[in-house]
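S.K.: Got a predicted structure plus its sequence, pasted below:
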Amino acid sequence: MINNKTILITGGTGSFGKNFTNLLLKKYKPKKIIIYSRDEMKQLEMSQIFNRAKHKCIRYFIGDVRDRDRIELALKEVDFVVHAAALKQVPAAEYNPMECIKTNINGAENVILAALKNKVKKVIALSTDKAANPINLYGASKLAADKIFISSNKSAR
């Protein structure tokens with residue numbers, strides 16, 4: 001299912017993105033893996049581990065899920081999206097609530113709309129146990145994002 005497919009990972013330079021990229025490279029033969037992240041330094045560091053000379057299928061795409069136009073561009077000809085981008089630190093989310101909402105909720109909506117527009121076959125969104133019974137903004141924002149993803153299944157059919 002993954003072989004010869006293009007996979008984009010939002011938040012691709014995070015711990016999940018790096019481990020998932022490693023798994024894809026070891027167990028599958030993807031056509032292309034696009035690491036989508038706003039952190040250019042982490043992209044540089046990751047490109048030293050997964051360099052294009054050895055892994056010709058890897059692409060690095062600087063962008064933020066908050067920017068719908070940029071994510072739409074990144075999703076052209078993508079088969080699968082793994083949405084891992086999020087503000088995940090509880091204290092940072094509590095101290096910067098609107099930033100958390102912009103990334104975790106609005107960013108999720110942007111990924112969904114861009115995926116629908118580009119006819120992406122499947123989007124997999126990472127969640128957290130903190131969304132099950134949220135007691136803080138981070139958990140509540142992830143719960144809202146989960147609900148948006150679930151609801152979008154109706155639009156995607």
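M.R.: Structure's in. What do you need?

S.K.: Where does the prediction get shaky in this structure?
M.R.: Low-confidence regions of the chain, defined by pLDDT under 70, span residues 157.

S.K.: Show me where it has its strands.
M.R.: 6-10, 32-37, 58-62, 80-83, 122-125 (DSSP state E).

S.K.: nearest to Ala131, of those?
M.R.: Set against Ala131 and scored by C-beta to C-beta, the strands of the chain come closest in strand 122-125, at 10.6 Å. Every residue, glycine included, has its C-beta placed from N, CA and C.

S.K.: packing partners for that closest one?
M.R.: Under the contact criterion of 3 or more C-beta pairs under 8 Å, 6 or more residues apart in numbering; DSSP states H and E, the helices and strands touching strand 122-125 comprise strand 80-83, helix 107-117, helix 137-156.

S.K.: sorry, back to before: name the stretch among the strands of the chain that sits most buried.
M.R.: The highest mean neighbour count among the strands of the chain belongs to strand 6-10 (a mean of 27), with neighbours defined as mean count of other C-beta atoms under 10 Å.
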